[in-house]
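task: produce atomic coordinates for the following.
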Amino acid sequence: MPFTVGFDWGNAGHAACILDETGAVRARLAVPHTAVGLAKFVAALARIAPAGEMPVAIERPSGLVVDTLVAAGHPVVPIHPNVVKACRPRYRAAGGKSDPGDAYMLADILRTDGHRFAPLRQASDAVKALRALVRGRDDLVATRVGLANQLRSLLESFWPGAAAIFADVDSPVALAFLARYPMPESAARLGEKRMAAFMAQARYSGRRSAAELLGRLRAAPTGLAGRDESEAKGEIVRALVLALERIVAAIRDLTARIEHDVAELPDGRIVMSFPRAGRINAAQILAEIGDDRERFQTADQLAAEAGVCPVTHASGKSRGVVFRWACNHRLRAAVTCFADNSRHASPWAADVYTRARQRGCSHPHAVRILARAWIRILWHAWRDRADYDPARHLAAQKCAA
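Numbering: from 1, shown residues only. Prediction:
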């Protein structure tokens, strides 16, 4: 390529640098993060050379800037921040850092080592929509867990019984109970009849009787907060309950949408064909691997992306194998969750896990070993557009025999 572009992402503004094939700086640009600023940046690139002849190196593989560059026809080459950090001493002995300097460095890395990096390949619009839904749901689940922990901690500080009466403090019946009885004084006259009426109104599953639930409430330690403190904390309980109710409802709606959408996609049905993959877990896997068959040329590349294969450090007589930190963490969580579930439905998966445990591996390590084994099969099924067939899985057949 006669020109390479480095783009350093910022919050309010970005820095860009354009180099020619000799490494000379053709232009340095400050790009405001506005519609006009991005349009002027694309126009400035077009005045120098056609879009297809100007690849852009950037650290972030997604976002508005990436979409704008791809739409304009520029090849976008993501370069991992660890690579940029490792290359920085090549350019600055003092270790200084600046946005224009990083933009120049990205452009020069692409000029000299561009053959080592693959350009970004966009997924289909359906997969991108599924990715947005899955990631949004995962973030809401993390928010729900954080708020639930905050609510439980608050209750244990002045009313431990309310945190112990139901199994999950963020379950619909527990939130309904706390919305009606946010502090001990509000539940002072709560008896079996009122508790039974509340259970019927909240559509409680009925696994425990009103007497059992009241027993849990009264068996917990008694809070020692004064009335004013109790009322203040009760207000916070109401606020947390209100937030959790809306988040739980949003998660429920997103879950239904994801389950429908992943079942409509051909690649979604492929991932769902694996044992105990489920719809949500299958959607999490598909959202991260996408539907571009050229993205992962080998199963080893997919395993590295998923972070289920270790990193080897070898020099002379020393050799060490360490945990892989640089990977797609969302994909690793999805693949290891599937692997852990699969061992309860697949005798082959259970055998791989058991043998890893017998070698002294911890549970997470054994699950990653099983996930690495599944990745090989998943990659072939994904590349061939074929559902998982246990009859064609020779290792599974031997284990079943």
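
state the distance from A72 to D20.
Per CB to CB, to the nearest Å, A72 is found 20 Å from D20. Backbone N, C-alpha and C define where each C-beta goes, glycine included.

next, count neighbours for G234.
If you count neighbours by other CB atoms under 10 Å, G234 ends up with 21.

same deal with M199?
19.

list the contacts for it?
Taking CB atoms under 8 Å, 6 or more residues apart in numbering, we find M199 in contact with 173, 206, 210, 213.

ok, the third one - contacts?
It refers to A210. Applying CB under 8 Å, 6+ apart to A210 gives the contacts 192-193, 195-196, 199.

ok, now with 10 Å
190-200, 204 (CB atoms under 10 Å, 6 or more residues apart in numbering).

that one and L155, how far apart?
Shown here: A210 relative to L155, a distance of 20 Å by CB to CB.

so which residues of the stretch 101-250 of the chain form helices?
Here the stretch 101-250 of the chain has its helices, by DSSP state H, counting those that start in this stretch, at 125-158, 160-164, 172-180, 192-201, 210-219, 227-264.

what does the third one contact?
Where contact means CB under 10 Å, 6+ apart, the residues beyond helix 172-180 that reach it are 148, 151-152, 155, 159, 162-163, 165-171, 186-187, 190, 194-195, 198-199, 201-205, 213, 217, 234, 237-238, 240-242, 244-245, 248-249, 252.

ok, and for that helix, which residues are buried?
172-178 (16 or more other CB atoms under 10 Å).

before we move on, the earlier item: need the contacts of M199 in a markdown table (columns: pLDDT).
Formatted as a markdown table, the contacts of M199 follow (pLDDT from 0 to 100):
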| residue | pLDDT |
| --- | --- |
| V173 | 92 |
| G206 | 70 |
| A210 | 88 |
| L213 | 90 |
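
can you list these in a markdown table and add distance to P2?
Shown next, in a markdown table, are those (distance: CB to CB, whole Å):
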| residue | distance to P2 |
| --- | --- |
| V173 | 66 |
| G206 | 73 |
| A210 | 79 |
| L213 | 74 |
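
so which of these is the closest to R111?
Nearest to R111 out of the contacts of M199 is V173 (CB to CB; 61.7 Å).

re earlier: please convert the buried members of the contacts of helix 172-180 into PyMOL selection syntax.
Typed into PyMOL, the next command selects the buried ones out of these (criterion: 16+ other CB under 10 Å):
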select buried, resi 148+151+152+155+159+162+163+165+166+169+170+171+187+190+195+198+199+202+204+213+217+234+237+240+241+244+245+248
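
what segments of the stretch 251-400 of the chain are helices?
Residue ranges of the helices in the stretch 251-400 of the chain, as given by DSSP H, counting those that start in this stretch, are 266-272, 279-289, 299-306, 329-342, 347-358, 363-384, 394-400.

contacting residues around I79?
So I79 contacts 6, 57-61, 87, 105-106, 109-110, 113-114, 116-117 (CB under 10 Å, 6+ apart).

so what's the predicted local confidence for A395?
You'll see A395 listed with a pLDDT of 81.

residues contacting it?
By CB under 10 Å, 6+ apart, the contact list for A395 reads 348-349, 351-352, 373, 377.

do the same with E156
162-164, 169, 220-221, 223.

what's the answer for V42, then?
Neighbouring residues of V42 by CB under 10 Å, 6+ apart: 31, 51, 68-69, 71-74.

kindly write the PyMOL command that selects the buried subset of those residues.
Selection command for PyMOL covering only the buried members of the contacts of V42, criterion 16+ other CB under 10 Å:
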select buried, resi 31+51+68+69+72+74
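
confidence-wise, which of the contacts of V42 comes last?
Out of these, that is A51, at 88.

what about the nearest residue to V237 once chain neighbours are set aside, how many residues nearby?
Distances taken as CB to CB, 6 or more residues apart in numbering put P182 closest to V237, at 4.3 Å, once the chain neighbours are dropped. P182 has 24 neighbouring residues, counting by other CB under 10 Å.

next one, pLDDT for the residue most central in space within the chain please.
Nearest to the geometric centre of the chain sits R330, at 3.2 Å (CA atoms, centre = their mean). R330 carries a pLDDT score of 96 in this model.

touching, it and E288? I think so.
Yes - counting by CB atoms under 10 Å, R330 does reach E288; the two are 5.5 Å apart.

tell me, what's touching the two both at once?
131, 134-135, 306.

who wins for most neighbours among those residues?
Among these, A306 has the most neighbours (other CB under 10 Å), with 29 neighbours.

separation between that residue and R324?
As judged by CB to CB, A306 and R324 stand 9 Å apart.

what number of residues lie near the closest residue to P347 other than its chain neighbours?
Excluding the flanking residues, the one nearest P347 by CB to CB, 6+ apart is C399, at 4.9 Å. C399 has 15 neighbours, counted by other CB under 10 Å.

again with A356
Number of residues near A356 (other CB under 10 Å) recorded here: 19.

could you shift the numbering so residue one becomes 51, and keep it that way?
Renumbered: residue one is now 51, and that last one reads A406.

report how many residues lie close to the nearest residue to it once chain neighbours are set aside.
Excluding its sequence neighbours, the residue lying closest to A406 (CB to CB, 6+ apart) is A416, at 3.8 Å. Neighbourhood size, A416 [other CB under 10 Å]: 22.
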